[in-house]
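Asks: For reference, the sequence and a predicted model appear below.
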Amino acid sequence: MNRTRVNAIRAAVVLCAGLISIPALAKDKAKVSTGDMVDSGSFGVFSTGHRIATETFAIKQGPDGSIVSSVFKSAQGEQQAEQSSELQLTPSVDLRVYQWKEITPERSVATVTPNDTFLIERFGAPDDKPGKQHEQNFLLPASTSILDDYFFVQREVLAWKYLATSCRKDNGSLQCPMKQAVQFGTLNPHERTSMAVSIEFAGKDKFSFRGAEHEFSKFILKTEVGDWAFWLDDQFKLVRLLNDSGTEVLRD
């Protein structure tokens, strides 16, 4: 695959949630106005059938790139937690900047920015001056995917990368290679760790969603710390995640 086609595919990833032809995406890119909403909504997080948290998210795309913002709130008894994140991507889907904030129960911040062949994470308390913050370097390119704890919408963005680079749409139907894992480099800023993950297509699957049975495309996200199954609808939006320990994430 030549460099021009690779760049066109990467630029297409977050133009829309639907996977259409790469030439059409490249042609339509100039028509997208600033701040077009690609996806928005909320995910409920469930454990043993009980809702324990909610993530509210929005993905916007404009001529200068894309912004993926998210707020995660959980409440278990008297224990409450709230975090927010904003992931800014260039038009070629490289990292521009990632910002994370913990609001409760603790207060802390972190920022990840690219610098040549490195990603630099700076973290500390919100009132720390720039020179007082801790700093950690990762030998990772700007094309590395952010896959932070608690922000499940980032799994959707990673899924779109997989679709754009590994699948095609033929007569309105998604065509992905069966059980052929594709690897991606990721960074978890909350844990300050990097790892390789893989995604593979697991075929079609039916289950009840919003009171009716639907057919979805099922995928497996494999990581060093556990695997996730996830399902995309016909518009290639994330509707469900399920991990090895039984934690389930459902689109509201």
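Replies: Everything's here; your move. Here the structure is a predicted model, which is why all the values come from computation and not from measurement. Numbers count the residues shown, from 1 in each chain.
Asks: the bottom helix or strand of the protein by mean pLDDT?
Replies: The weakest-scoring helix or strand in the chain, judged by mean pLDDT, DSSP states H and E, is helix 22-28 (a mean of 32).
Asks: So in that sheet, which strands flank whichever helix or strand comes after that one, and in what orientation?
Replies: Using DSSP states H and E, the next helix or strand after helix 22-28 towards the C-terminus is strand 36-47. Within its sheet, and counting by DSSP bridges, strand 36-47 is paired with strand 50-62 (antiparallel), strand 248-251 (antiparallel).
Asks: would you turn those strands into TSV with mean pLDDT?
Replies: Converted to TSV, the strands paired with strand 36-47 look like this (pLDDT from 0 to 100):
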stretch	mean pLDDT
strand 50-62	95
strand 248-251	97
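Asks: Quick check: which of the ones you listed is buried the most?
Replies: For the strands paired with strand 36-47, the largest average neighbour count (mean count of other Cβ atoms under 10 Å) is found in strand 248-251, namely a mean of 19. For the C-beta atoms, the positions are set from N, CA and C on the backbone; glycine is no exception.
Asks: any residues touching that strand, and which ones?
Replies: 41-47, 55, 152, 209, 237-242 (Cβ atoms under 8 Å, 6 or more residues apart in numbering).
Asks: let's go with 6 Å and repeat that
Replies: With contact meaning Cβ atoms under 6 Å, 6 or more residues apart in numbering, strand 248-251 is reached by 43-46, 152, 239-242.
Asks: Mind giving me the ChimeraX command for buried ones among these?
Replies: Buried members of these, defined by 16 or more other Cβ atoms under 10 Å, are picked up in ChimeraX with:
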select :43,45,46,152,239,240,241,242
